[in-house]
Each structure stands twice: as structure tokens, then as C-alpha cells.
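Colleague: Below are the sequence and a predicted model; questions follow.
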Amino acid sequence: MSDSSDKQPLVLKVAVNVPLSREFDYLPPKDGPAPAPGCRVLVQFGPRRQVGLVLAHAAESELAPGKLRRCLEVLDDTPLLAAEDLKLIRFTSSYYHHPIGEVVAAARPALLRQGRPLHPVVETVAVTDLGRAADIEALTKRAPRQAEVLETLCDAGGDGLEADHLTELLPNWRRAAKALFEKGLIERFDARSPEFDETLAPAATPGPELNDDQQAALATLRGGKDVDAFLIEGVTGSGKTEVYLQRMQDVLDEGRQVLVLVPEIGLTPQLVARLRKRLGIEPALLHSGLTDNERLAAWRAARSGAARLVVGTRSAIFTPLKNPGLIVVDEEHDHSFKQQEGLRYSARDLAIVRARNLGVPVILGTATPTLEMLRHCQSGTYELIRLPTRAGGAKPPTMHLVDTIRSPATDGISEPLAAAIDNHLGAGGQALIFLNRRGFAPTLICSSCGHIEGCERCDSRMTVHARSRQLRCHHCGAARPLPDTCGECGESVRPLGEGTERLEDALRDRFPGRTVTRIDSDSTQRKGAMVEALDLAKEGEADILVGTQMLSKGHHFPNLTLVGIVNADQGLFGTDFRSSERMAQSIVQVAGRAGREQRAGEVMIQTAFPEHVFWSTLIHGGYEQVAAEALTEREASHWPPFTRLALVRAAAHHRGDAMGFLELAQQSLLAWCGDNLRVLGPVDAPMARKAGRHRGQLLLQSSDRPTLHAALRELRFTLEQAPAGRKVRWSIDVDPIELF
Ligand code: ADP
Ligand code: ZN
């Protein structure tokens, strides 16, 4: 190699995982070629060594030559990320005003973030021949924990188990394993990390012949119109998935990859099973339930092109793809596409940006599109495709209101709802009772002095959890034993209102002999519990299902004919401008579970305000009408999607610190304020104290995106420099979906 000292030294622009909105300059190591953009390097950053990512090469640096440090090591021979991936990372950083090093960190699997190689070795444990011959029964008597480990490894077979997997199954296995290693009953070795195997799927099975609406939809998708996105608004059961499947097949046949984003894989095992079966392709899955090695294997397969179908939750939007051909976002309206902490990105919105960068189509599908997406369709930048009727002849469910003033509910269930449950079960159907509140009761009140048990760290009430006999705060996670008497006056206390546990009990009492199954995040904590419960429900084993939002998403229960919505009033008088949109989405989604096959479905909604105009709009005009009216209101009141929002949040142990910081933010925005930018606040957050911190916020509203972003860029810079920021946790949330 020639001596490079006479040449202009090449400067590496490196992203380092620190909360500063800038890139850092380093020189390449003395020996060897300069790492290309997309490669990782090890750098000295202050007192620590950090894994950085080379974003670009530059001819010069703002730093004086003597101040530039060399990077310590190059970690990749070939770039992990392609130019397109880096472009998406840059966009994400600039649009969400978030430090690029943190974006890079969020966009990569944990093992790569930690500097591990693309193909790491994996600690693996397996049973030996000696171990297989061991007398497990005798061992069980002497050393039950050792027996448990040995048995698990016997079940796992000759390849053994990844140590991480074993930890998941038996958290304390290492202690018991020590003796087993010494006796030679099990062994440990380093295996190559598991490779994704595409041949696992069965052969493809054809789907139903598409009906006229579906064919028209497919023709539009194939027409290749130059729009930023296709939005399929199809009523639940209209056969949207069949339409995506056909379009996916086209793209796969061309030898290109398909990326499917879903709200939560744990909640949609059916969709994954259906993709596998219909396309005959094993999807590479990317979601939070994987071990780090499994996640990396799926990521690698997407990057190398070995996986043709990639299905994942939110963060899968950053997965590199060798040869992308299509992106699908299923259930576009779902909130889980927006990350609510750290890098507050919307995977749906990034999907649209990424598809445009790649020049490939993106399909968004839902029965209840967000107003943001509908607005794009109105203005012609997206193409709206409607599937107004259910496929395969199933009828839409009929909706009734139950007036809970005239027919009061006991433990959440009114007489008309109980009678309907009786009818539907009698006719061989299944019922789903929906209440978006877990626990036994949302409040514990003293019968004598009226004292309500609150959270010590939040401005919130403690929820009664009867199964675990605890009071829990659903905001900060605090828990304490359920008291029998009032902490203030010593008299007896009682739970007020209802959650899913209480409903479950009430339904068991009312319908003895029937199976009642509760599905919420408490009942499904054990890994696999969710899938088991859903499978039983689908096979018709559960007569009555009780649950939260979890039950409303995408499931197909063939026998389900009745949906009861217990407390529908939460959103009627909500203060958030999105209240009615959300409430309509949630009701339409859960109602969509009813009557998906031959038997007609019925939906009963308990409300204390049956005269409210929301109900007549929803029942007579459907989601489409609610959305149309909400759009008109939003336009008149200048809310999104007619304006754009950003929220600056601050939290501190002392209110003054949080508010002082926000006042500083407000000051620095003054120069930008005017017709194009309004700044509202600072004000206390709706829940002013959470997890022991005081929270305040500042809302930016603008009808002009460039102005908003220019202001935010300067704001970010000011806030990162501000000494006041050290006492405060703060964040910028662009396009917030929660205003608190
Ligand atoms: P969505 O995604 O809109 O909820 P799906 O694609 O899941 O709808 O279809 C709902 C049900 O209707 C599924 O059981 C599916 O197999 C069936 N289905 C879809 N399209 C057709 C069709 N053209 N003919 C018959 N059945 C269909
Ligand atoms: Zn709390």
C-alpha cells in the first residue's frame, strides 16, 4: 500500500450512540482500507469505547488535524447497511429530530449494536450419550432441578438448545447444570448462530377465487398508478388479506422480497400461519419475542435475500432488504406502529417514505383508516380502494344500543346483554364481551369516608387486581398488597367499577356450566399462553370470551356471533381531538369479530348516552360517516391532518425544573411564532405527576411543514446545549398520537 501521508486524509463521519444530534469525525485505522459507509467501527468516545457506524466519507473535518483521532478497529469487512438503509436512517433522524446515533442503534439488532459479528457463535447446551442413558426418575428424587434441566435437553434432541432459550424455559438452569457438566451428562459448545430456513413451509395452497370487488382492488394495485401509497379500506372480513396475498405473489414471482408490517406478532399468529400456508414460504419473523440470536438470524436473512418474505412489528421497517418489491402495512390505524418513547417514529409513515425511496409500492390496509391517511386519499396523493362488503357471503353484524340508565348493569352486564348472551349460546354461537380495562376494578373506595386508594408516585388511582390480591398502578407499575380496610379511617373498603376480572367472575356466576375465558395482558403473560387461549377460542372451546383490545385485533373466531361492548362511553366526551375517531375504530374492530361465517352477527353496545349523535352516525353511517364528519370538524378547528403537531415534553423531580426548561424552549421558539407556527403552553401534562416526576408540555402547531421543521431543528440544538436540560428528561414528539 502506498504511503497516504502526502494525500488528503480521508475523514469518516461516524454515528455514535449518544444523545447528541451530530456526527463525529474519525480517521480510519492506520493500516488497511478505510471502512465503507455502512460498516461498524470501534471508536474511543470520551472515556469509553463505543461501537459506531460509518455514515459517509468526507475530504475534510471541522476539527483541526491534530485533534482528529483514529478509530480503533473496523468491525465489518463489508457494509452491514446499504446506501438505501442509511438514507432511511438519515431521514428518520431529521424528521423526528432525534440524534442519528440513537436512530442507528434503534435500527439494528441488539447483538450488532453491541459490536458482535454478523455471524456470532452461540453458546449451546446439549445432552450427551451418557446423559441420555441416565436414570431420570432416580435423579428427580435426589436433585429435581438437575432432572428438569436434563429432561428439557433430552426433549431438545441432538442439536441442543441455545443457552438463551434454556434461560427462557428454566431461568436458573445454570446452577443445576454445573453438576450435570461435571458428571458428563450434558455438554456445552459454541455453535454457529442458527440460519433462517426457508424450506420449513408447506407447499402453497390456493385461496378462494376473488369476488368482483377484490378483483377490481387487485387490478388497481397492479395498475401501477404513480401514487405514494394504496389504502385499502375494507370492512372487517371483506377479504383484504386475500387481495394483499395475490399482489404479494406477483412480487415474489418476480423474485423480489415483500416486507409486511403488523401491529403485534403475538396477536396475529393467524396471519402469519396464513401467509406461510398460502404462499408456501417461510416468513422471516422480526418481533420482540425472539432471542437476540434468532432476531439477528432473521435480520441477516432479510439482508442477504435468503428470506423472501419478512414479517415484523414496528422496528422491522429498518430491516435491510436485498431486493425489495413491496411493503404492506396491515391494520394501518393501530397505535403500536408509533413508538411512544425514545425515538418516537411511526413505522407506517416510514414505510411510505421508504417505499418512495425504493420506488416500490406500499399497501396500507384497515377497516378503520386514520384520518391522516384518508386526507391523503382526498388530496390524491394516495389511492383509496374500497371493499364495502364481506367476502364469502357473510353479512355485516347488526348493532344495537343498550341504555344503561333504563337497564342498569350489575357487575358490568345489563339484562338485555345477558339475555342476548343466553340466546346466542343457546343457538350454538359464541359471545365476546369487550372491556378495555384489565384488573378487577379501576378503583378501591372506602365505604365510610370515601377515601380512594391512589398511587404514591402518580396522579392516578390504583387498580384492584383480585387474582393476585394487589393494588396496581397501570401508569408506573407500582404494586402493593390489597388492603381489607381503609388506610385513612380503618373502615371497610370496596372495589368500584369493573375490569375484565370482575366481568369474568360475573359471567361465570350467571352462566354456570359455560366456559368463560379471559384474554388480556394479565392472563397471557406466560409465553405461549395467548396462542393457546386463542386456539381454544377458535375451536369453539370457550363459550364466552372476555377481554381487552387484545381480542379485537384481526382474529377470526368462526363461531362467534355476539359481541357485547360493556363500557362504551369512555370516548364520548374525551378531551383529545382524536376521541371520536379512536372510539369508532375500537368499536368497529371489535364488532368485526362477530358473524364472520354463516351465522349473522349481533353487536350490543351498553351506553348511558344512547341519544348522543355519535351513535346514530356510527350505526347508520358506519365508520366511513364518522370519519367524514370528523374530518370536517378537524378542518374547521385546525387540527391534524389539516395542521401538523409536535409536542415537547419535560419531566423532572421538581415542577419548576420541568416548567423552567419548557419556558426556555418557548423563548427559543419566539422568533418563529406567527401565522405559520403557534406555540401553546407550557402547561402541566394531563397527568401531571407520573412515576414520581412532574410533567409538563409545550405544543407546536403549524400548517406549514418546512417552518415547523426548521423551528424544531433550532429548538433541538438549543435544548441539547441548555444546562437546564441536565435535571430534566425531555423529548420531542413529531406527529404525536397522544397529547399527554
Ligand atoms: P379481511 O382481511 O378483510 O378481514 P380476509 O381476507 O381475512 O378479510 O377474509 C375474510 C374471510 O373471507 C376469510 O375466511 C377468507 O378466507 C374469506 N374470503 C376472502 N375472500 C373470499 C372470496 N373471494 N371468496 C370466498 N371467501 C373469501
Ligand atoms: Zn403510579
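Modeller: Received it, and whenever you're ready, just let me know what you need. Ligands and ions are numbered 1, 2, ... in the order given.
Colleague: Please make it C-alpha for all contacts and neighbour counts, starting now.
Modeller: OK.
Colleague: Tell me, how many residues neighbour the residue lying closest to Asp576 once chain neighbours are set aside?
Modeller: Leaving aside its sequence neighbours, Asp576 sits nearest to Leu739 (CA to CA, 6 or more residues apart in numbering; 7.2 Å). The number of residues packed around Leu739, counting by other CA atoms under 10 Å, is 19.
Colleague: Assumed Leu739 was part of a strand.
Modeller: No. Counting by DSSP: H, G, I helix; E, B strand; the rest coil, Leu739 falls outside a strand, being coil.
Colleague: gap between it and ligand 2?
Modeller: Separation of Leu739 from ligand 2 (CA to the ion, to the nearest Å): 19 Å.
Colleague: Please report the distance of that residue from Ser702.
Modeller: In this view, Leu739 and Ser702 are 15 Å apart by CA to CA, to the nearest Å.
Colleague: again, but for Asp657
Modeller: Distance from Asp657 to Ser702, by CA to CA: 27 Å.
Colleague: got it, and Arg145?
Modeller: Using CA to CA, Arg145 is found at 62 Å from Ser702.
Colleague: Counting neighbours, go ahead and name the busier of those two.
Modeller: Between Arg145 and Ser702, Ser702 has the larger neighbour count (other CA under 10 Å), namely 24 against 18.
Colleague: In the stretch 51-200 of the chain, what residue spans correspond to helices?
Modeller: For the stretch 51-200 of the chain, helices defined by DSSP state H, counting those that start in this stretch occupy the ranges 83-95, 100-106, 110-113, 129-133, 136-142, 144-156, 163-169, 173-182.
Colleague: For the protein, name the helix or strand with the lowest mean pLDDT.
Modeller: helix 529-538 (a mean of 82; mean pLDDT, DSSP states H and E).
Colleague: name the helices or strands packed onto that helix?
Modeller: strand 516-519 (3 or more CA pairs under 8 Å, 6 or more residues apart in numbering; DSSP states H and E).
Colleague: For Ile445, list the residues it contacts.
Modeller: His451, Ile452, Glu453, Cys486, Val493, Arg494, Pro495, Leu496 (CA atoms under 8 Å, 6 or more residues apart in numbering).
Colleague: which one is the first one nearest to, not counting chain neighbours?
Modeller: Of all residues not flanking His451 in the chain, Ile445 sits nearest, at 5.7 Å (CA to CA, 6+ apart).
Colleague: Give me the phi and psi for that neighbour.
Modeller: Backbone torsions of Ile445, given as degrees, to the nearest 10, read phi -120, psi 150.
Colleague: just Ala685 next, same as before
Modeller: phi -70, psi 160.
Colleague: Confirm for me that it is in contact with Gln697.
Modeller: Yes. With contact defined as CA atoms under 8 Å, Ala685 counts as touching Gln697 (5.9 Å).
Colleague: what's near enough to touch Leu296?
Modeller: So Leu296 contacts Pro109, Leu111, Leu118 (CA under 8 Å, 6+ apart).
Colleague: So which residues of the stretch 201-350 of the chain form strands?
Modeller: Secondary structure of the stretch 201-350 of the chain (DSSP state E, counting those that start in this stretch): strands at 229-234, 257-261, 284-286, 309-312, 324-330.
Colleague: Using JSON lines, please lay out the ones you listed together with mean pLDDT and mean neighbour count.
Modeller: Output for the strands of the stretch 201-350 of the chain, formatted as JSON lines (pLDDT from 0 to 100; neighbours: other CA atoms under 10 Å):
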{"stretch": "strand 229-234", "mean pLDDT": "97", "mean neighbour count": "24"}
{"stretch": "strand 257-261", "mean pLDDT": "98", "mean neighbour count": "25"}
{"stretch": "strand 284-286", "mean pLDDT": "94", "mean neighbour count": "25"}
{"stretch": "strand 309-312", "mean pLDDT": "96", "mean neighbour count": "25"}
{"stretch": "strand 324-330", "mean pLDDT": "98", "mean neighbour count": "24"}
